[in-house]
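Q: Got a sequence here, can you build the structure:
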Amino acid sequence: MCRMFESCRGHVNDDLLAILSTFGNDVVTDPDVVSTFTTDWTRRFHGPAAAVLRPRTVVALKSMLVALSGREVAIQIQGGNTGLVGGSVPPSHSTVPVVIVSTTHLKNIDAIDDVSGTLIVDAGVTLGEVNQLVSEHGWSFGVDLAARDTATIGGMCATNAGGIRVCAFGMMRENITGIEFVTLDGKTVSTLDKPAKNNTGLQLANLAIGSEGVLGVISRVRLRLRRASLSTTVAFIPCESIEIALGWVRKAQTLSSHMLAAEIVDATTMSLVINTHHLRPLWSATPSIALLLELEGDASNLELPDDALIGVTPSEQRELWKYRELASDSWTAVGDVHKLDVSVPLDRLPALCTDLAKIIAGNAHVTHGGFFGHLADGNLHIEIVGPAFDNFDVDREVLEQVATHHGSVSAEHGIGRAKAQFIHLAHDQAMLTLMADVKHVFDPHHQLNPGVIFPS
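A: A predicted model of the protein is given here:
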């Protein structure tokens with residue numbers, strides 16, 4: 001037996017060990033290396049794995065899935081592992097060995113099609129790599145988020161990622177013109193070879209968008225590109241309330257040529273960002289809500305207040321964006337943080353903020369909390385400190401409150417394992433049964449991402 005596989009003994013049976021040994025340099029079994037794949041971005045979710053498979057081609061990916069299909073092994077699909085709901089790492093307890101299939105080595109990038117404005121990339125290409133390439137050719141991609149340098153296109157498709165440009169360009173689903181995924185039995189389900197106008201029955205490949213890896217492995221994606229904006233303006237506006245911030249968003253949407261982003265940071269989060277990263281305060285007193293707007297062209301017709309901060313040059317804009325983009329990492333640095341991504345209709349957002357303050361103040365396990373997020377989308381990223389990672393009481397309290405406001409318990413991060421027990425707040429039993437039936441068609445042995453979306 002090859003020495004590199006000796007560390008696997010005790011975790012997998014000889015049959016699986018023999019299969020893993022056929023994958024050569026595309027398999028990692030060293031426990032120290034494998035352990036770097038088994039904890040998610042929040043550090044809240046983690047579980048053991050016997051090996052990590054890192055295919056470099058779609059052909060290799062197919063052969064791996066076929067070899068593992070139908071065997072007593074769970075398969076965890078993982079992209080850049082930037083998820084916040086535990087959907088990218090193995091379950092904490094599994095009755096069978098878990099093998100991680102990482103797509104980060106799938107790196108092929110086709111040439112940009114300047115006529116159609118599209119680009120085909122492999123699933124392991126990062127958003128940062130896409131941004132760099134397309135900007136060099138005068139294009140931009142409509143989805144952007146703070147984890148751009150590690151988030152992979154495949155993972156972003158699997159979670160239907162959103163980010164800071166949704167109010168302008170939509171989520172990943174609206175920025176994909178073709179997609180390919182590989183099923184456990186090695187079938188390729190694809191629309192990459194089809195034209196944009198293609199009404200020929202059920203588009204099964206599109207099921208992969210937002211599926212969180214429970215149907216198959218996304219392998220290649222055709223992205224819709226847009227011509228880059230010639231000039232933009234960033235305005236950071238201190239607001240006394242969420243209602244006032246919403247008023248500025250409505251004004252920007254009415255008077256500006258195009259609103260590219262509308263981001264908010266509450267006072268607790270702003271103070272945390274400043275203290276954690278040793279940034280200078282932007283105002284003498286921290287506002288209840290700081291609203292960051294990015295607009296095409298200038299903002300002169302908005303008649304902004306005197307204490308608004310304006311960024312025109314790229315360096316000025318990057319400096320202002322720091323106070324928003326460092327928000328999530330600043331909370332993570334605190335320690336055990338429950339990260340809840342939710343959305344509600346805009347007219348319900350002030351009431352949700354009021355309810356959230358009551359929950360934070362009234363829960364004996366909570367020491368403090370705050371939020372930031374995408375205001376124009378009604379999307380808050382709620383951060384709560386205090387409860388142990390295995391205590392889901394505060395999660396339940398927040399998500400049930402969101403449901404009373406006709407909101408979504410997951411706006412853009414997915415369900416993962418963190419919210420699988422709460423998915424009934426989003427769908428009735430008939431819909432959940434139909435979802436489970438679809439999964440069974442593609443994954444009859446229930447090997448792919450067990451416990452993700454569907455409660456174990």
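Q: Downstream of the biggest strand by length in the chain, the next helix or strand is which one?
A: Longest strand in the chain by number of residues, with DSSP state E as the criterion: strand 217-227. Using DSSP states H and E, the helix or strand that follows strand 217-227 towards the C-terminus is strand 232-239.
Q: residues in contact with whatever helix or strand comes next after that following strand?
A: Where DSSP H and E defines the elements, the next helix or strand beyond strand 232-239 is helix 242-255. Residues outside helix 242-255 that contact it (C-beta atoms under 8 Å, 6 or more residues apart in numbering): 237, 239, 259, 262, 264, 289, 291, 293, 295, 299, 301-302, 346, 349-350, 353, 375-376. Bear in mind the C-beta positions are built from the backbone N, C-alpha and C, glycine included.
Q: ok, 7 Å please
A: 237, 239, 259, 262, 264, 289, 291, 293, 295, 301-302, 346, 349-350, 353, 375-376 (C-beta atoms under 7 Å, 6 or more residues apart in numbering).
Q: Restricted to buried residues, select the residues you listed in PyMOL.
A: In PyMOL syntax, the buried subset of these is picked out as below (16 or more other C-beta atoms under 10 Å):
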select buried, resi 237+239+259+262+264+289+291+293+295+302+349+353+375+376
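Q: Return the subset of the contacts of helix 242-255 lying in strands.
A: I237, C239, M259, A262, I264, I289, L291, L293, L295.
Q: In contact with D193, which residues are there?
A: The contact partners of D193, by C-beta under 7 Å, 6+ apart, come to none.
Q: Which strand or helix spans it?
A: Going by DSSP H and E, D193 is not in any helix or strand.
Q: Return the distance of it relative to S456.
A: 37 Å (C-beta to C-beta, to the nearest Å).
Q: same question, E263
A: Separation of E263 from S456 (C-beta to C-beta): 36 Å.
Q: if you count what's nearby, which of those two comes out ahead?
A: Higher neighbour count among E263 and S456: E263, with 25 against 12, using other C-beta atoms under 10 Å.
Q: Was I right to think the more buried one contacts E294?
A: No: counting by C-beta atoms under 7 Å, E294 is not a contact partner of E263; they are 8.2 Å apart.
Q: and the residue lying closest to L272 once chain neighbours are set aside, how far is that from T269?
A: Residue nearest to L272 in three dimensions, not counting chain neighbours: S330, with 4.7 Å by C-beta to C-beta, 6 or more residues apart in numbering. Separation of S330 from T269 (C-beta to C-beta): 7 Å.
Q: Next: R226.
A: With C-beta to C-beta as the criterion, R226 and T269 are 30 Å apart.
Q: So for these two, which residue has more residues nearby?
A: Comparing R226 with T269 by other C-beta under 10 Å, the one with more neighbours is T269, at 26 against 15.
Q: I'd like to know how far the more buried one sits from S328.
A: In this view, T269 and S328 are 9 Å apart by C-beta to C-beta.
Q: same deal with T276?
A: From T276 to S328 the distance is 11 Å (C-beta to C-beta).
Q: One more: K107?
A: 26 Å.
Q: For L16, give me the pLDDT.
A: Looking at L16, its pLDDT reads 88.
Q: So for it, what's the nearest residue that isn't a sequence neighbour?
A: Nearest to L16 is V73, by C-beta to C-beta, 6+ apart, at 5.8 Å.
Q: Enumerate every residue touching the one you found.
A: Taking C-beta under 7 Å, 6+ apart, we find V73 in contact with L16, V96, P97, V99, Q447.
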